[in-house]
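# After the sequence you'll find the predicted model.
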Amino acid sequence: MSLTGKVALVTGGAQGIGRAVVESLLQSSVKVAVVDLNQEVGCECKVQLDTEYGEGNCTFIQCDITDGDTLKDAFQTTVDQFGQLDIVVNNAGINNEKDWEKTIQVNLTSVIKGTYLALDHMSKEHGKRGGVVINVSSMAAFLHSPHQPVYTATKHGVIGFTRAIADASSLADYGVRINVLCPAFVDTPLLHSVENEANMGKFVKFKDDFKHSMNKFGVLKPPQIAEGMMRMIMDSSLNGAVMKITCSKGIHFHTYEPLSA
Ligand SMILES: NC(=O)C1=CN([C@@H]2O[C@H](COP(=O)(O)OP(=O)(O)OC[C@H]3O[C@@H](n4cnc5c(N)ncnc54)[C@H](O)[C@@H]3O)[C@@H](O)[C@H]2O)C=CC1
Ligand SMILES: CCCCCC(=O)/C=C/[C@H]1[C@H](O)CC(=O)[C@@H]1CCCCCCC(=O)O
(Lines give C-alpha, C1' and ligand atoms only; values in the text may rest on other atoms or scores of the structure.)
(Ligands and ions follow the chains in the order given, each with its own letter.)
Protein backbone atom coordinates (compact mmCIF):
# COMPACT_ATOMS: atom_id res chain seq x y z
CA MET A 1 0.00 0.00 0.00
CA SER A 2 1.52 3.33 -1.02
CA LEU A 3 1.00 5.98 1.63
CA THR A 4 1.34 9.06 -0.55
CA GLY A 5 -1.78 11.24 -0.26
CA LYS A 6 -3.41 9.02 2.38
CA VAL A 7 -5.29 10.29 5.45
CA ALA A 8 -5.09 8.69 8.91
CA LEU A 9 -6.96 9.02 12.21
CA VAL A 10 -5.10 7.93 15.37
CA THR A 11 -6.90 7.73 18.73
CA GLY A 12 -4.76 8.47 21.78
CA GLY A 13 -2.32 10.08 19.35
CA ALA A 14 -1.13 12.93 21.58
CA GLN A 15 1.45 10.93 23.59
CA GLY A 16 3.11 7.56 24.04
CA ILE A 17 2.70 4.89 21.36
CA GLY A 18 0.04 6.89 19.47
CA ARG A 19 2.33 9.92 19.21
CA ALA A 20 5.17 7.78 17.78
CA VAL A 21 2.75 6.33 15.22
CA VAL A 22 1.53 9.82 14.26
CA GLU A 23 5.15 10.92 13.67
CA SER A 24 5.90 7.86 11.49
CA LEU A 25 2.79 8.54 9.41
CA LEU A 26 3.74 12.20 8.96
CA GLN A 27 7.26 11.14 7.93
CA SER A 28 5.56 9.07 5.19
CA SER A 29 3.60 12.13 3.97
CA VAL A 30 0.28 10.96 5.41
CA LYS A 31 -2.14 13.64 6.69
CA VAL A 32 -3.06 12.79 10.28
CA ALA A 33 -5.93 13.56 12.67
CA VAL A 34 -4.72 13.20 16.27
CA VAL A 35 -7.80 12.29 18.33
CA ASP A 36 -7.24 12.51 22.08
CA LEU A 37 -9.01 13.28 25.35
CA ASN A 38 -6.18 15.42 26.71
CA GLN A 39 -6.63 18.98 25.42
CA GLU A 40 -3.39 20.34 26.90
CA VAL A 41 -1.11 17.56 25.67
CA GLY A 42 -2.97 17.49 22.33
CA CYS A 43 -2.46 21.22 21.70
CA GLU A 44 1.24 20.99 22.67
CA CYS A 45 1.62 17.98 20.37
CA LYS A 46 0.01 19.87 17.44
CA VAL A 47 2.38 22.83 17.86
CA GLN A 48 5.41 20.51 17.89
CA LEU A 49 4.19 18.51 14.88
CA ASP A 50 3.48 21.71 12.87
CA THR A 51 7.02 22.90 13.60
CA GLU A 52 8.57 19.55 12.64
CA TYR A 53 6.42 18.52 9.65
CA GLY A 54 4.87 21.79 8.42
CA GLU A 55 1.42 23.27 8.99
CA GLY A 56 -1.61 21.68 7.36
CA ASN A 57 -0.41 18.08 7.66
CA CYS A 58 -2.07 17.26 10.97
CA THR A 59 -4.98 18.34 13.08
CA PHE A 60 -5.78 17.82 16.77
CA ILE A 61 -9.35 16.83 17.63
CA GLN A 62 -10.17 16.83 21.34
CA CYS A 63 -12.47 13.85 21.90
CA ASP A 64 -13.48 11.37 24.57
CA ILE A 65 -13.70 8.19 22.51
CA THR A 66 -16.19 6.68 24.97
CA ASP A 67 -18.76 9.27 23.84
CA GLY A 68 -20.15 7.70 20.66
CA ASP A 69 -21.48 10.95 19.15
CA THR A 70 -18.21 12.79 19.77
CA LEU A 71 -16.22 9.95 18.24
CA LYS A 72 -18.51 9.95 15.20
CA ASP A 73 -17.97 13.73 14.86
CA ALA A 74 -14.18 13.24 15.07
CA PHE A 75 -14.31 10.88 12.07
CA GLN A 76 -16.52 13.31 10.12
CA THR A 77 -14.28 16.29 10.98
CA THR A 78 -11.27 14.35 9.67
CA VAL A 79 -13.00 13.61 6.37
CA ASP A 80 -14.29 17.21 6.09
CA GLN A 81 -10.81 18.61 6.68
CA PHE A 82 -8.70 16.22 4.61
CA GLY A 83 -11.28 14.98 2.05
CA GLN A 84 -10.99 11.22 2.69
CA LEU A 85 -10.02 8.55 5.24
CA ASP A 86 -7.69 5.61 4.53
CA ILE A 87 -6.05 4.51 7.81
CA VAL A 88 -7.55 4.23 11.32
CA VAL A 89 -5.47 3.32 14.37
CA ASN A 90 -7.61 2.51 17.42
CA ASN A 91 -4.83 2.98 19.94
CA ALA A 92 -6.18 4.92 22.98
CA GLY A 93 -6.22 2.78 26.09
CA ILE A 94 -6.19 3.07 29.87
CA ASN A 95 -5.13 0.91 32.81
CA ASN A 96 -7.71 1.24 35.56
CA GLU A 97 -8.68 -1.79 37.61
CA LYS A 98 -10.47 0.42 40.13
CA ASP A 99 -12.86 1.91 37.56
CA TRP A 100 -12.87 -1.32 35.56
CA GLU A 101 -16.07 -0.51 33.70
CA LYS A 102 -14.35 2.57 32.24
CA THR A 103 -11.46 0.33 31.19
CA ILE A 104 -13.89 -1.83 29.23
CA GLN A 105 -15.45 1.26 27.63
CA VAL A 106 -12.12 2.77 26.53
CA ASN A 107 -10.14 -0.37 25.68
CA LEU A 108 -12.83 -2.53 24.09
CA THR A 109 -16.18 -0.81 23.41
CA SER A 110 -14.52 2.24 21.85
CA VAL A 111 -12.22 0.07 19.72
CA ILE A 112 -15.32 -1.69 18.37
CA LYS A 113 -17.03 1.67 17.73
CA GLY A 114 -13.88 3.04 16.09
CA THR A 115 -13.69 0.00 13.81
CA TYR A 116 -17.34 0.32 12.78
CA LEU A 117 -16.94 4.05 12.11
CA ALA A 118 -13.83 3.27 10.05
CA LEU A 119 -15.91 0.82 7.99
CA ASP A 120 -18.65 3.46 7.53
CA HIS A 121 -16.04 5.77 6.01
CA MET A 122 -13.84 3.28 4.13
CA SER A 123 -15.81 0.11 3.23
CA LYS A 124 -16.73 -0.67 -0.37
CA GLU A 125 -20.08 -1.73 1.15
CA HIS A 126 -20.73 2.01 1.58
CA GLY A 127 -19.33 2.97 -1.80
CA LYS A 128 -15.93 3.93 -0.35
CA ARG A 129 -12.41 3.03 -1.57
CA GLY A 130 -11.22 0.67 1.16
CA GLY A 131 -8.42 1.16 3.69
CA VAL A 132 -6.78 -0.31 6.76
CA VAL A 133 -7.59 -0.45 10.49
CA ILE A 134 -5.09 -1.37 13.20
CA ASN A 135 -6.40 -2.06 16.72
CA VAL A 136 -3.97 -1.98 19.64
CA SER A 137 -4.11 -4.91 22.06
CA SER A 138 -1.21 -6.06 24.30
CA MET A 139 0.98 -9.03 25.17
CA ALA A 140 -1.29 -9.09 28.24
CA ALA A 141 -3.69 -10.93 25.93
CA PHE A 142 -1.24 -13.85 25.80
CA LEU A 143 0.49 -13.71 29.18
CA HIS A 144 -2.36 -12.97 31.54
CA SER A 145 -1.53 -10.85 34.51
CA PRO A 146 -2.83 -11.21 38.09
CA HIS A 147 -2.33 -7.44 38.44
CA GLN A 148 -4.69 -6.48 35.64
CA PRO A 149 -7.67 -8.83 35.27
CA VAL A 150 -9.96 -6.41 33.43
CA TYR A 151 -7.19 -4.80 31.33
CA THR A 152 -6.23 -8.33 30.31
CA ALA A 153 -9.85 -9.19 29.44
CA THR A 154 -10.20 -6.10 27.24
CA LYS A 155 -7.02 -6.93 25.33
CA HIS A 156 -8.24 -10.51 24.72
CA GLY A 157 -11.48 -8.97 23.49
CA VAL A 158 -9.71 -6.68 21.04
CA ILE A 159 -7.98 -9.65 19.43
CA GLY A 160 -11.18 -11.73 19.17
CA PHE A 161 -13.19 -8.84 17.73
CA THR A 162 -10.47 -7.86 15.26
CA ARG A 163 -9.96 -11.38 13.88
CA ALA A 164 -13.70 -11.93 13.46
CA ILE A 165 -14.42 -8.59 11.77
CA ALA A 166 -11.34 -9.06 9.56
CA ASP A 167 -12.84 -12.33 8.31
CA ALA A 168 -16.18 -10.56 7.74
CA SER A 169 -14.38 -7.85 5.75
CA SER A 170 -12.69 -10.46 3.62
CA LEU A 171 -15.86 -12.54 3.06
CA ALA A 172 -18.04 -9.51 2.22
CA ASP A 173 -15.29 -7.74 0.23
CA TYR A 174 -15.28 -4.51 2.28
CA GLY A 175 -11.85 -3.70 0.88
CA VAL A 176 -10.66 -2.90 4.41
CA ARG A 177 -7.82 -4.82 6.08
CA ILE A 178 -8.16 -5.05 9.86
CA ASN A 179 -5.22 -6.15 12.01
CA VAL A 180 -4.17 -6.14 15.65
CA LEU A 181 -0.90 -5.20 17.32
CA CYS A 182 0.25 -6.55 20.70
CA PRO A 183 3.19 -4.78 22.32
CA ALA A 184 4.95 -6.00 25.48
CA PHE A 185 5.96 -3.30 28.00
CA VAL A 186 6.55 0.10 26.38
CA ASP A 187 8.10 3.17 28.00
CA THR A 188 5.09 5.53 28.10
CA PRO A 189 3.14 7.37 30.84
CA LEU A 190 0.69 4.42 30.95
CA LEU A 191 3.37 2.13 32.32
CA HIS A 192 3.81 4.33 35.40
CA SER A 193 0.12 3.92 36.27
CA VAL A 194 0.88 0.51 37.80
CA GLU A 195 2.33 2.34 40.82
CA ASN A 196 -0.95 4.17 41.60
CA GLU A 197 -3.70 2.91 43.86
CA ALA A 198 -6.07 5.17 41.90
CA ASN A 199 -5.42 3.00 38.85
CA MET A 200 -4.73 -0.43 40.30
CA GLY A 201 -7.12 -0.48 43.27
CA LYS A 202 -6.49 -3.50 45.48
CA PHE A 203 -4.05 -4.94 42.93
CA VAL A 204 -1.56 -2.15 43.68
CA LYS A 205 0.00 -4.47 46.28
CA PHE A 206 1.41 -6.48 43.35
CA LYS A 207 3.35 -3.52 41.95
CA ASP A 208 6.72 -5.04 42.85
CA ASP A 209 5.83 -8.20 40.89
CA PHE A 210 4.92 -6.00 37.98
CA LYS A 211 8.30 -4.22 38.15
CA HIS A 212 10.06 -7.57 38.42
CA SER A 213 8.29 -8.63 35.22
CA MET A 214 9.41 -5.44 33.48
CA ASN A 215 13.01 -6.05 34.53
CA LYS A 216 12.79 -9.65 33.36
CA PHE A 217 11.20 -8.98 29.95
CA GLY A 218 12.58 -5.50 29.25
CA VAL A 219 10.83 -2.32 28.16
CA LEU A 220 10.41 -1.27 24.53
CA LYS A 221 10.49 2.31 23.18
CA PRO A 222 7.48 3.80 21.30
CA PRO A 223 9.32 4.08 17.92
CA GLN A 224 9.75 0.27 17.94
CA ILE A 225 5.96 -0.08 18.12
CA ALA A 226 5.52 2.53 15.37
CA GLU A 227 7.84 0.47 13.14
CA GLY A 228 5.58 -2.59 13.54
CA MET A 229 2.50 -0.46 13.02
CA MET A 230 3.84 0.94 9.72
CA ARG A 231 4.59 -2.61 8.51
CA MET A 232 1.01 -3.67 9.24
CA ILE A 233 -0.38 -0.59 7.53
CA MET A 234 1.71 -1.01 4.37
CA ASP A 235 1.70 -4.80 3.87
CA SER A 236 -1.39 -5.34 1.72
CA SER A 237 -1.23 -9.13 2.31
CA LEU A 238 -2.13 -8.72 6.01
CA ASN A 239 -5.74 -9.05 7.19
CA GLY A 240 -6.71 -10.50 10.57
CA ALA A 241 -3.01 -10.65 11.45
CA VAL A 242 -1.88 -10.54 15.09
CA MET A 243 1.52 -8.87 15.42
CA LYS A 244 3.48 -9.22 18.66
CA ILE A 245 6.40 -6.98 19.60
CA THR A 246 8.69 -8.05 22.44
CA CYS A 247 12.27 -7.31 23.50
CA SER A 248 13.31 -10.93 23.08
CA LYS A 249 11.80 -11.61 19.63
CA GLY A 250 11.24 -8.15 18.17
CA ILE A 251 8.42 -7.87 15.61
CA HIS A 252 6.77 -11.23 14.92
CA PHE A 253 3.33 -12.76 14.31
CA HIS A 254 1.14 -15.04 16.42
CA THR A 255 0.05 -18.16 14.59
CA TYR A 256 -3.28 -19.94 15.05
CA GLU A 257 -4.75 -23.29 14.05
CA PRO A 258 -6.56 -23.07 10.70
CA LEU A 259 -10.29 -22.22 10.91
CA SER A 260 -12.35 -25.29 11.80
CA ALA A 261 -15.82 -23.75 11.38
N1 LIG B 1 2.71 1.19 27.45
C2 LIG B 1 2.65 -0.13 27.43
O3 LIG B 1 3.45 -0.83 28.11
C4 LIG B 1 1.65 -0.84 26.57
C5 LIG B 1 0.57 -0.19 26.02
N6 LIG B 1 -0.32 -0.90 25.27
C7 LIG B 1 -1.48 -0.25 24.68
O8 LIG B 1 -1.06 0.77 23.79
C9 LIG B 1 -2.05 1.78 23.72
C10 LIG B 1 -1.41 3.13 23.94
O11 LIG B 1 -0.85 3.13 25.25
P12 LIG B 1 0.30 4.12 25.74
O13 LIG B 1 0.79 4.94 24.62
O14 LIG B 1 1.22 3.31 26.53
O15 LIG B 1 -0.56 5.01 26.74
P16 LIG B 1 -0.47 6.56 27.13
O17 LIG B 1 -1.24 6.70 28.40
O18 LIG B 1 0.91 7.04 27.06
O19 LIG B 1 -1.30 7.25 25.95
C20 LIG B 1 -2.66 6.98 25.77
C21 LIG B 1 -3.34 8.17 25.15
O22 LIG B 1 -4.73 7.85 25.05
C23 LIG B 1 -5.48 8.97 25.46
N24 LIG B 1 -6.79 8.56 25.98
C25 LIG B 1 -7.06 7.88 27.11
N26 LIG B 1 -8.38 7.76 27.29
C27 LIG B 1 -8.96 8.36 26.23
C28 LIG B 1 -10.30 8.60 25.85
N29 LIG B 1 -11.34 8.20 26.61
N30 LIG B 1 -10.55 9.27 24.70
C31 LIG B 1 -9.52 9.70 23.92
N32 LIG B 1 -8.23 9.53 24.25
C33 LIG B 1 -7.95 8.87 25.39
C34 LIG B 1 -4.63 9.63 26.55
O35 LIG B 1 -5.02 11.00 26.73
C36 LIG B 1 -3.24 9.46 26.00
O37 LIG B 1 -2.84 10.55 25.21
C38 LIG B 1 -3.11 1.40 24.77
O39 LIG B 1 -4.18 0.76 24.12
C40 LIG B 1 -2.37 0.44 25.67
O41 LIG B 1 -3.23 -0.45 26.34
C42 LIG B 1 -0.16 -2.24 25.01
C43 LIG B 1 0.89 -2.91 25.52
C44 LIG B 1 1.88 -2.28 26.34
C1 LIG C 1 -0.06 -0.37 32.76
C2 LIG C 1 -0.29 -1.00 31.50
C3 LIG C 1 0.86 -1.78 31.16
C4 LIG C 1 0.57 -2.41 29.93
C5 LIG C 1 1.64 -3.30 29.57
C6 LIG C 1 1.07 -4.54 29.21
O7 LIG C 1 0.23 -4.59 28.36
C8 LIG C 1 1.56 -5.56 30.02
C9 LIG C 1 1.51 -6.78 29.73
C10 LIG C 1 2.08 -7.72 30.68
C11 LIG C 1 1.07 -8.37 31.55
O12 LIG C 1 0.75 -7.53 32.59
C13 LIG C 1 1.76 -9.60 32.02
C14 LIG C 1 2.87 -9.78 31.14
O15 LIG C 1 3.68 -10.63 31.27
C16 LIG C 1 2.80 -8.80 30.03
C17 LIG C 1 4.10 -8.36 29.44
C18 LIG C 1 4.82 -9.49 28.89
C19 LIG C 1 6.00 -9.23 28.08
C20 LIG C 1 6.42 -10.55 27.55
C21 LIG C 1 7.61 -10.57 26.68
C22 LIG C 1 7.93 -11.99 26.34
C23 LIG C 1 9.15 -12.13 25.55
O24 LIG C 1 10.03 -11.30 25.57
O25 LIG C 1 9.25 -13.15 24.86
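That came through, no problem. Numbering: from 1, shown residues only. Ligands and ions are numbered 1, 2, ... in the order given.
# Show me which residues of this structure are close to ligand 1?
On the criterion C-beta under 6 Å from any ligand atom, ligand 1 has as its neighbours in the chain the residues 11-12, 14-18, 36-38, 41, 63-66, 91-94, 106, 136, 138, 183, 185-186, 188-191. (Glycine included, C-beta is placed from N, CA and C.)
# Quick check on those: which are buried?
Those of these that meet the buried threshold are 11-12, 14-18, 36-37, 41, 63, 65-66, 91-94, 106, 136, 138, 183, 185-186, 188, 190, by 16 or more other C-beta atoms under 10 Å.
# Distance-wise, check Lys128 relative to ligand 1.
From Lys128 over to ligand 1 the distance is 24 Å, taken as C-beta to the nearest ligand atom, to the nearest Å.
# Which helix or strand contains that residue?
Secondary structure from DSSP states H and E places Lys128 outside every helix and strand.
# Show the contacting residues for it.
Listed by C-beta atoms under 8 Å, 6 or more residues apart in numbering, the contact partners of Lys128 are 121-122, 175.
# now the closest residue to Cys58 other than its chain neighbours, which residues is it bridged with?
The spatially closest residue to Cys58, leaving aside those adjacent along the chain, is Val32, at 4.5 Å (C-beta to C-beta, 6 or more residues apart in numbering). Each beta-bridge partner of Val32 is listed here: Ala8, Cys58, as defined by DSSP bridges.
# follow-up on the earlier one: among the contacts of Lys128, which lie within helices?
Residues of these located in helices (DSSP state H): 121-122.
# is any part of stretch 169-186 close to ligand 2?
Yes. Contact of stretch 169-186 with ligand 2 (C-beta under 6 Å from any ligand atom) involves 184-185.
# buried residues in that stretch?
Residues of stretch 169-186 classed as buried by neighbour count (16+ other C-beta under 10 Å): 169, 174-186.
# buried ones in stretch 113-132?
Neighbour counts using 16+ other C-beta under 10 Å place 113-115, 117-119, 121-124, 128, 131-132 of stretch 113-132 among the buried residues.
# Please consider this matter closed, and thank you.
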